[in-house]
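Undergrad: Structure for the following, please:
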Amino acid sequence: MSNADIYHEMIIDYSRNPINYGKIEDHDVTFHDSNPLCGDSIDIDMKIDGDKVSDIKFHGKGCAICMACSSVLTEIAKGKNIKDVRNISKTDVLGELGLENLQAVRIKCALLSLKVLKSALYSYLGKHLEDSSDVDKLKEEAASLY
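TA: Just a heads-up that it's a prediction; the model follows:
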């Protein structure tokens with residue numbers, strides 16, 4: 001079995017059996033976005049304790065790539081401090097699933113959840129940080145993912 005086959009199987013498995021799928025009823029922040037070109041629609045809920053993402057879940061619908069990347073992203077972010085979550089890059093998510101050379105038409109599917117995560121953090125930090133330049137930087141990061 002080649003690496004491409006292994007990654008293909010991982011994407012299918014994550015899309016059929018997503019990790020961290022669901023809602024957090026008592027979340028500290030939630031955010032929604034969609035990709036109308038593909039029909040992907042994702043919400044991310046986070047519970048933040050101090051400076052740590054203690055729980056994170058996503059819900060919605062999406063293509064196999066979107067669901068797989070959302071699962072991987074929530075696995076990466078869960079339990080990490082906010083600074084580390086802020087530094088999660090598209091390379092981190094795409095690399096986990098062997099999607100580094102993904103076609104441009106599918107990149108929005110793959111990165112929708114990262115855009116939602118960064119936007120959720122922007123929303124949360126906007127309410128909890130005094131340094132507005134830090135919040136503005138995060139907003140720019142979310143807007144420039146693709």
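Undergrad: Would you map the strands across this structure?
TA: Secondary structure of the chain (DSSP state E): strands located at 29-35, 40-49, 52-61.
Undergrad: now the ones you listed as TSV including mean neighbour count?
TA: Every C-beta, even on glycine, is put in place using the N, C-alpha and C of the backbone. Formatted as TSV, the strands of the chain follow (neighbours: other C-beta atoms under 10 Å):
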stretch	mean neighbour count
strand 29-35	18
strand 40-49	21
strand 52-61	19
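Undergrad: how about low-confidence regions in this structure?
TA: 1-5, 7, 129-136, 138-139, 142, 145-146 (pLDDT under 70).
Undergrad: can you rerun that using 50?
TA: Along the chain, no part satisfies pLDDT under 50.
Undergrad: looking at the strands of the chain, which is closest to Tyr14?
TA: Tyr14 lies closest to strand 52-61 among the strands of the chain, at 11.6 Å (C-beta to C-beta).
Undergrad: So which residues make contact with that closest one?
TA: Residues outside strand 52-61 that contact it (C-beta atoms under 8 Å, 6 or more residues apart in numbering): 18, 20-24, 32, 39-48, 70-71, 73-74, 77-82, 85, 113, 116.
Undergrad: how close does the closest residue to Tyr124 other than its chain neighbours sit to Arg16?
TA: Nearest non-adjacent residue to Tyr124, counting by C-beta to C-beta, 6 or more residues apart in numbering: Val29, 4.1 Å away. Distance of Val29 to Arg16, given as C-beta to C-beta, to the nearest Å: 28 Å.
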